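In: dropping the sequence and predicted coords here.
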2 protein chains.
Amino acid sequence: MTAARPLRADAQRNRDALMAKAREVFDTGDFFDLRFDDFAALAGVGTGTLYRHFPTREALAEAVYREEVTALCARARELLTTLPAVEALATFLHHVVDYLDTHRGLARTVATLMTTGSDTLAEGSRALERAVTDIVAAAVESGGIRDDVDAGAVMVALHGISASHDRPGWRTEADGVITLVLSGLRPR
Amino acid sequence: MTAARPLRADAQRNRDALMAKAREVFDTGDFFDLRFDDFAALAGVGTGTLYRHFPTREALAEAVYREEVTALCARARELLTTLPAVEALATFLHHVVDYLDTHRGLARTVATLMTTGSDTLAEGSRALERAVTDIVAAAVESGGIRDDVDAGAVMVALHGISASHDRPGWRTEADGVITLVLSGLRPR
DNA sequence: GAAAATATGGAGACAATCTCCATTTGTCAA
DNA sequence: TTGACAAATGGAGATTGTCTCCATATTTTC
């Protein structure tokens, strides 16, 4: 993929420091409120260094996002090999809700990224979608759910959950949506 | 509500010009990419005038948003008086999808506003929610849908539809979600 | 039609982002 | 080791977008 000759030791150290601090600030939810130059200071590097590693604020957010999505996808694949498809789907959807519940700040970040039309976000979204599509397809195959609704609809529901992370009764409502979707998917 | 002594004639004229131009730019989806000062020029007023009428970019977006939501809510109430509750719910949900379909840019704007934690957006959202809650309550009352899922879940689904406005097969998926929600809501 | 009240617009203050490059740090071959 | 080359650093300052201020213009009122 990227030609990528290995980074020099100090460069790698700085990059790691930036990513680590970014995760930290993400979870507090303040990532997009902070001056970007201040963020550099916070991570203990100069602004020049920050900009060389991540040319924009979004690029940094994307780097963190990408890793998280990769983990989620792996989880989906794992579930599919260990559970019947319909259960795998239910478990995965609840897992995503759990995940967002313990990483509120990241949900906000994703929402912000969405509005920028980021490529990485789109790509990650596609990866996640592939995972969901695979589970849904397996569930349809097994006859456990109806076959006339696209997996995309499930994705849209997940988007909704992620997008409404700041509503007061979020957790309950999110579970409600999952319930609704799962029971809407049952064969007639 | 607002004390509101009537605006001077020229002030009203400028305000209208700003709103009109805002709607126009909204629908192209470029509203948040445009320099705000340039927007003033585009609408044919000085920057000072722009800022006096709308102290922030968001305030202007909100003013447009508020009017749209008011219209949607009115539509909801109207449906409730002319159709059986369950049909009113189905019709309204499809109506919202239609609306977003013909105002793509506005959907993006709403998504952006969401990330700013805007008060007006929250208020509008609550108004919309009240409308949805009323319909859902009426439908539950009539025994047409199950009573163990909160109207909030329906709102989250709507958020999802609005938030995924830029997905390629959006319209189909949006309809899919509505189908899913409506059939998930049927009594067991 | 003159005074008072209200609104205007754009020059410039301010604030955040990003670039540039003289200096430092790491790597590698001899 | 060490010297020489490449890679990376950081922060001063240029650039760019946001917002304020007020001398001037327009509308309203009496």
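Out: It's in. Remember, it's a predicted structure, so these values are computed and weren't measured experimentally.
In: please report the distance of the residue nearest the centre of chain A from DNA strand D.
Out: Central residue of chain A (CA atoms, centre = their mean): residue A:69, 4.5 Å from the mean position. Remark: distance between residue A:69 and DNA strand D (CB to the nearest atom of the strand, to the nearest Å) = 26 Å. Just so you know, the C-beta spots here come from the backbone N, C-alpha and C atoms, and that holds for glycine as well.
In: in space, what's closest to that residue - neighbours in sequence excluded?
Out: Excluding its sequence neighbours, the residue lying closest to residue A:69 (CB to CB, 6 or more residues apart in numbering or on different chains) is residue A:124, at 4.1 Å.
In: point out where chain A drops to low pLDDT.
Out: For chain A, applying pLDDT under 70 flags the ranges A:1-4.
In: switch to 50 and redo it
Out: In the predicted model of chain A, residues A:1-2 satisfy pLDDT under 50.
In: can I see the domain layout of it?
Out: A:8-55, A:62-185 (automatic domain parsing).
In: nearest to DNA strand C, of these?
Out: domain A:8-55 (3.3 Å; CB to the nearest atom of the strand).
In: what residues does chain A have near DNA strand D?
Out: Within chain A, the positions near DNA strand D by CB under 7 Å from any atom of the strand are A:5, A:7-8, A:10-11, A:13-14, A:37, A:44-49, A:51-53.
In: what residues does chain A have near chain B?
Out: Residues of chain A lying near chain B by CB under 8 Å from any CB of the partner chain: A:32, A:108, A:111-112, A:114-115, A:117, A:149-150, A:152-153, A:155-164, A:166-167, A:169, A:172-174, A:176-177, A:179-185, A:188.
In: tell me which element residue A:136 is part of?
Out: Secondary structure from DSSP states H and E places residue A:136 in helix A:119-141.
In: got the CA positions of the helix or strand that that helix is followed by in PDB?
Out: Going down the chain from helix A:119-141, the next helix or strand is helix A:151-163, by DSSP H and E. Coordinates of the C-alpha atoms in helix A:151-163 are reproduced here as PDB (Å, rounded to 0.1, in the frame of the first residue of the first chain):
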ATOM      1  CA  ALA A 151     -28.300  -4.300   5.000                       C
ATOM      2  CA  GLY A 152     -27.900  -0.600   4.200                       C
ATOM      3  CA  ALA A 153     -31.100   0.100   6.200                       C
ATOM      4  CA  VAL A 154     -29.400  -1.500   9.300                       C
ATOM      5  CA  MET A 155     -26.400   0.800   8.700                       C
ATOM      6  CA  VAL A 156     -28.700   3.800   8.600                       C
ATOM      7  CA  ALA A 157     -30.100   2.800  11.900                       C
ATOM      8  CA  LEU A 158     -26.600   2.600  13.300                       C
ATOM      9  CA  HIS A 159     -25.800   6.000  12.000                       C
ATOM     10  CA  GLY A 160     -28.900   7.300  13.800                       C
ATOM     11  CA  ILE A 161     -27.700   5.800  17.000                       C
ATOM     12  CA  SER A 162     -24.300   7.300  16.600                       C
ATOM     13  CA  ALA A 163     -25.700  10.700  15.500                       C
END
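In: and helix A:151-163, what does it pack against?
Out: helix A:85-102, helix A:104-114, helix A:119-141, helix A:170-185, helix B:151-163, helix B:170-185 (3 or more CB pairs under 8 Å, 6 or more residues apart in numbering or on different chains; DSSP states H and E).
In: what are the contacting residues of the first one?
Out: Yep, that's helix A:85-102 we're talking about. The contact list for helix A:85-102 (CB atoms under 8 Å, 6 or more residues apart in numbering or on different chains) reads A:72, A:75-76, A:79-80, A:82-83, A:106-107, A:131-132, A:135-136, A:138-139, A:141-142, A:144-145, A:154, A:158, A:161-162, A:165, A:170-171, A:174-175, A:178, A:181-182, A:185.
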